[in-house]
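>>> Have a look at this fold, sequence not included:
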């Protein structure tokens, strides 16, 4: 397999797409300075997976993108593609069937690198795995650039070993072996943790089973409580429902009675109005009857006057008749006397005939005078009859007019009384008071309506606030449950890790724990608890310290020495806290394992003379410069010096102490944080419960106040309606009274005018009677 083509675009000085052909296994790139020779090597190295800007002669990975020049703008991305000839099938696996393999890498200004293998997007790991064992790689010997030869010459043994392994084609298997070992170790650690967790979970499971049984009993009792409570609520609801039905019936009865009373009141008002109308009609009828009565009385008076007049005339006639009879008797007597005288006279005439003619003349004269007297009497009688008739008529007229005057005066008095009554009724119409009351009711109704609106707005705001707080409370309860679950989970992990840590630190060692407890050393910290190790070197420190990790840290060893005789069996380690170590050796042979440890304890006695190396090759090289009492520890836990080498791969309960201690600290910090959050949430929930309770009480108070205001509003509306109906009724009555008052005033004016006319006629009749009285005197005389 060999590299056949290099395709560059936007990479450093190769801004335009450029394709370089590689014709043979050994290719040299020559040219003047600045022509891009190193850029081609950087491109190949970069495509093979180089991620360090230092090896690409830059400060950042984006420096490989063409950054522009005086005549060219910068580009946004760079890409390099390597095309390999795989005709010999050097690359095995699924790519062995491909005669040509393309590897491409792209990068943009956002530092996003993308790899393509035969046009398919892949990972960097896939590219590295393909070229393991082929001699190709970002830092392999097959790419010879600047300072490459000097680096090979000056390479350390482990670096040379890397080149040799790569050339031999075993680097791939070594890498896979290393990965497999790491996975196996991780799997073993995970299995150990799983076993520990399983044991702890079994304990918790037993405890949880007990709690589950209790919870089941509690659930059953709670279900019974809910059923009984539901039955109790049902009974109470039925009782309340029956009471509500009875109260509803009573309310309906009361409402029916109220409606009946209101109907009766309305009927009574209508009957009262009907009675008033009937009263007015009866009053009008009474006035008509009274008028007819007075007319009939006047007619009766007139008839009585006529009868009296006829009686007087009859008496006058009888008197005149008696006078006439008396006169006639007198005249008859006179005639008899005259006849006697006539006979005497005849006798005398006979005797005195000479006096006859004079007597005849005298008799004729007397007859003439008698006829004249009869005519005068008849004329006087006619005048007397005419006088009596005129006098009777005038008297009748005067009496009728007088009766009419009395009737009119009585009618005027009645109308004045009725007018006074109407005025009194009109004054009784207290419209101003009713209007004022209506205005007060209206004002109160508006105030109550405004208050109800305010209550409703407050209620809406409080309900919104309650809903918001309840939602927040629900979220808080959810968060609290999550925190409790997480706390329970973390406490379980903490318990498992603490159990493992106690086992690793010997705190569960049955041989040493009683002795430590007896001599009051159980509260003393263990050595592993006072040490912090740099990441990646935990296994090395654990291998070196070994059993000393379980050491009990004390201030003075003399306090413990007197009690050592009582320790009969087992193993125990005591470490002195305040021991002052010698000054560090300033010999610069390498990095000491002690430098990877941070602690206030004097660990020089345990870790002095032990150096560290990243790999076994580096450790072997370092061993050559060490003394016999010095050694090297690799990151993988291989401990060696010039004479010996130790690899501790057995299952050790102390393995992972520092990592477990760090996890415990993190778990403890996380648990404390969650507990603080839990406490804050509980406090917030309790506080919010109080706020919700206060808001609900305020809501109930507002609801009660709003209900009272609504009841008051309904009562005010009912009273306002009653007052308005009363005002309308009074206004209607006032209109009727005003109409009646106008009728009374008009009738009074008419009666006064008629009274004036009647009094004039009566005065005329009285004047005529006076004239007739004078005439009667004249007639009588």
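Received, thanks. Bear in mind that the values here come from a model prediction, so they are computed numbers and not experimental data.

>>> going forward, measure contacts and count neighbours with C-alpha atoms only.
Will do.

>>> neighbours of residue 368, just the number please.
12 (other C-alpha atoms under 10 Å).

>>> Help me confirm that it is found in a helix?
Yes: counting by DSSP: H, G, I helix; E, B strand; the rest coil, residue 368 is located in a helix.

>>> Name the SS class of residue 114, please.
Looking at residue 114 with three-state DSSP, the answer is strand.

>>> hey, what's it bridged with?
According to DSSP bridges, the residues that bridge with residue 114 are residue 106.

>>> Neighbours of it, how many?
15.

>>> what's the answer for the one 5 residues further on, then?
Residue crowding around residue 119 was assessed by other C-alpha under 10 Å; the count is 11.

>>> Now it: closest residue in space that isn't a chain neighbour?
Nearest residue to residue 119 in three dimensions, chain neighbours excluded: residue 102, at 7.2 Å (C-alpha to C-alpha, 6 or more residues apart in numbering).

>>> For stretch 404-422, give the mean pLDDT please.
In this model, stretch 404-422 has a mean pLDDT of 78.

>>> same check, this time on stretch 367-382
73.

>>> do stretch 65-79 as well
Per-residue scores along stretch 65-79 average to 85.

>>> What residues sit buried inside stretch 393-402?
Residues of stretch 393-402 classed as buried: 393, 394, 395, 396, 397, 398, 399, 400, 401, 402 (neighbour count, 16 or more other C-alpha atoms under 10 Å).

>>> Relative to residue 524, which of the residues you listed is nearest.
residue 402 (144.2 Å; C-alpha to C-alpha).

>>> So the closest one belongs to a helix, correct?
Yes: remark: residue 402 belongs to a helix, assigned using three-state DSSP.

>>> Now do residue 288 against residue 741, distance only.
18 Å (C-alpha to C-alpha, to the nearest Å).

>>> So which of these two has more stuff around it?
residue 741 (21 against 12).

>>> how close does the more buried one get to residue 422?
For residue 741, the distance to residue 422 - C-alpha to C-alpha - is 6 Å.

>>> What of residue 436?
24 Å.

>>> all helices of the protein, in order?
For the chain, the helices defined by DSSP state H cover 37-47, 124-131, 148-153, 157-168, 171-351, 356-428, 431-504, 513-518, 538-545, 604-607, 616-623, 657-780.

>>> Can you lay out the buried residues of stretch 393-402 as CSV showing distance to residue 206?
Output for those, formatted as CSV (distance: C-alpha to C-alpha, whole Å):
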residue, distance to residue 206
393, 142
394, 142
395, 141
396, 138
397, 137
398, 137
399, 135
400, 133
401, 132
402, 131
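
>>> so what are the domain limits for this structure?
Per the record, the chain has its domains at 2-168, 172-330, 494-578+590-667, by the TED database.

>>> how about these, which one is nearest residue 709?
domain 172-330 (19.9 Å).

>>> Tell me what the residue nearest to residue 119 is bridged to.
Beta bridges link residue 102 to residue 83, judged by DSSP bridges.

>>> Assess the claim that it and residue 86 are in contact.
No: the pair residue 102 / residue 86 is not scored as a contact, 10.1 Å apart, by C-alpha atoms under 8 Å.

>>> OK, contacts around residue 114?
Residue 114 sits next to 105, 106, 107, 121, 122, 123 when contact means C-alpha atoms under 8 Å, 6 or more residues apart in numbering.

>>> Which pLDDT value does the model give it?
For residue 114, the model assigns a pLDDT of 89.

>>> same question, the one 4 residues further on
Per-residue confidence for residue 118 comes out at a pLDDT of 84.

>>> With adjacent residues omitted, what lies nearest to it?
Sequence neighbours aside, residue 102 is the residue nearest to residue 118 in space, at 4.7 Å (criterion: C-alpha to C-alpha, 6+ apart).

>>> and that neighbour, how far is that from residue 690?
Distance, residue 102 to residue 690, using C-alpha to C-alpha: 71 Å.

>>> again with residue 466
11 Å.

>>> Between the two, which is the more surrounded one?
Taking other C-alpha under 10 Å, residue 466 and residue 690 do not tie; residue 466 has more neighbours (21 against 12).

>>> Make sure that one is actually in contact with residue 695.
Yes: with contact defined as C-alpha under 8 Å, residue 466 counts as touching residue 695 (6.8 Å).

>>> At the geometric centre of the chain, which residue sits there?
Centroid-nearest residue in the chain: residue 464, 1.5 Å away (criterion: C-alpha atoms, centre = their mean).
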